[in-house]
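Undergrad: Structure here, sequence nowhere to be found:
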C-alpha cells in the first residue's frame, strides 16, 4: 500500500506516478523499493498511521542517513586530503554536512517540493529539508547498498549541486568564532536555554540565549541544545561584526 494515498483536508498529498518521476530526477536512477523513499519524505509532523497502529515517518531513515553520510564523507575527505590531520578532516566534514549546507542542497534538489509536512510555514524550521535529505540517503543505502550510495553522494550530490571549494572555505562553526573572539578580549560568554514542546513538529524545541558579559548578543532555536547554541552564535557573530568589535 502506498503511503501517498492518504489525504489531508480531502486533497491528495502526492500522486504516485508524479512522485516516481520526480524521485528518479532527484536520484539519477530508478528506485527499487518505493516504500522506503515514500517514508523518507514523511516528516514526523505528518506521521502516517496504518490501521494496525504502525506509525510511519522519516526519523529512523534520517538517523541512518546521517551515519551513512558521515562515513562516506569521511572516506572521501581522507582520500582527497592526504596531509590533513584528524581535526582538519573533522572540520571539513562538518562544513559539508552542517544544517545550512544540507538544507540548501535539499532545496536545490527539489526535496522541499516532495516533503509531506504539517509544520506551520511561518515557523522557522532550519533543518526540515536537510533532515529529509539524510532520510533519503538512508533510503538509498537500504535500497541500493553502500557502493551505490557512495556514488550517489560523491558523483551526484557533491559534484552537481555543491561548490565544494566554496563550502570548505566557508566558516560555519560560529560558536567557536565567538568563543575565540571573547577569549581574545577577556570577555565572558554564557548560554541559557528554554525547552518547549512544539505540537506542529511533534517534538521538543530548544531556544538558546547567548550573553557576553551579561549583555544579550544572540538568540537561536533548534531541535537540540547544540543546534540552538549554534544559531544563537550566528546571531551574536552578526552583531559583533555590525558594531565593529572584530580586531
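TA: That came through, no problem. Values in this document were obtained by computation on a predicted structure and should not be read as measured data. Numbers count the residues shown, from 1 in each chain.

Undergrad: Distance from the longest helix along the chain to the middle of the chain?
TA: As assigned by DSSP state H, the longest helix anywhere in the chain is helix 59-80. Averaging C-alpha positions (Cα atoms, centre = their mean, to the nearest Å) puts helix 59-80 13 Å from its chain's average.

Undergrad: so for that helix, what's the average pLDDT?
TA: If you average the pLDDT over helix 59-80, you get 95.

Undergrad: Contacts for it, please.
TA: 36, 39-40, 44, 84, 89, 92-93, 96-97, 131-139, 141-142, 146, 149-150, 153-154, 158 (Cβ atoms under 8 Å, 6 or more residues apart in numbering). The way it works is simple: take the backbone N, C-alpha and C, and place the C-beta from them, glycine included.

Undergrad: Now do the buried residues in the next helix or strand after that helix.
TA: For helix 59-80, the following helix or strand on the C-terminal side (DSSP states H and E) is helix 86-96. The neighbour-count check on helix 86-96 (16 or more other Cβ atoms under 10 Å) flags 89, 91-93, 95-96 as buried.

Undergrad: Then stretch 133-147?
TA: In stretch 133-147, counting by 16+ other Cβ under 10 Å, buried: 133-144.

Undergrad: Pick out whichever of those sits closest to residue 227.
TA: Nearest to residue 227 among the buried residues of stretch 133-147, counting by Cβ to Cβ, is residue 134 at 13.9 Å.

Undergrad: quick check: domain ranges of this protein?
TA: As assigned by automatic domain parsing, the chain contains the domains 3-169, 174-242.

Undergrad: centre of the chain versus the shortest one, how much separation?
TA: Chain-centre distance of domain 174-242: 18 Å, with Cα atoms, centre = their mean.

Undergrad: first to last residue in it, what's the distance?
TA: Distance between the two ends of domain 174-242: 15 Å, counting by Cα to Cα, to the nearest Å.

Undergrad: still on that earlier bit, point out the ones among the contacts of helix 59-80 that are inside helices.
TA: Secondary structure defined by DSSP H assigns 36, 39-40, 89, 92-93, 96, 131-139, 141-142, 146, 149-150 of the contacts of helix 59-80 to helices.

Undergrad: so how far is residue 71 from residue 113?
TA: Residue 113 sits 28 Å away from residue 71, taking Cβ to Cβ, to the nearest Å as the criterion.

Undergrad: again but with residue 225, I slipped
TA: According to Cβ to Cβ, residue 225 and residue 71 sit 25 Å apart.

Undergrad: Spatially nearest residue to the residue nearest the centre of the chain, not counting backbone neighbours?
TA: For the chain, residue 130 is the residue whose C-alpha lies nearest the centre (Cα atoms, centre = their mean; 2.9 Å). The shortest distance from residue 130 to any non-neighbouring residue, by Cβ to Cβ, 6 or more residues apart in numbering, is to residue 102 (3.2 Å).

Undergrad: Average pLDDT for stretch 155-173, rounded please.
TA: Average pLDDT, stretch 155-173: 78.

Undergrad: Would you mind measuring the gap between the ends of it?
TA: End-to-end distance of stretch 155-173 (Cα to Cα): 26 Å.

Undergrad: contact partners of that stretch?
TA: Stretch 155-173 has contacts (Cβ under 8 Å, 6+ apart) with 27-28, 76, 91-92, 94-96, 98, 100-101, 105, 108-109, 177, 230.

Undergrad: hang on, the earlier thing: any idea which element the residue nearest to residue 130 lies in?
TA: helix 99-109.

Undergrad: Over that helix, what's the mean pLDDT, rounded is fine.
TA: Mean predicted lDDT for helix 99-109 stands at 89.

Undergrad: Tell me the gap between that helix and the middle of its chain.
TA: Distance, centroid of helix 99-109 to centroid of chain: 7 Å (Cα atoms, centre = their mean).

Undergrad: in it, what's buried?
TA: Going by 16+ other Cβ under 10 Å, helix 99-109 has these buried residues: 99-103, 105-106, 109.
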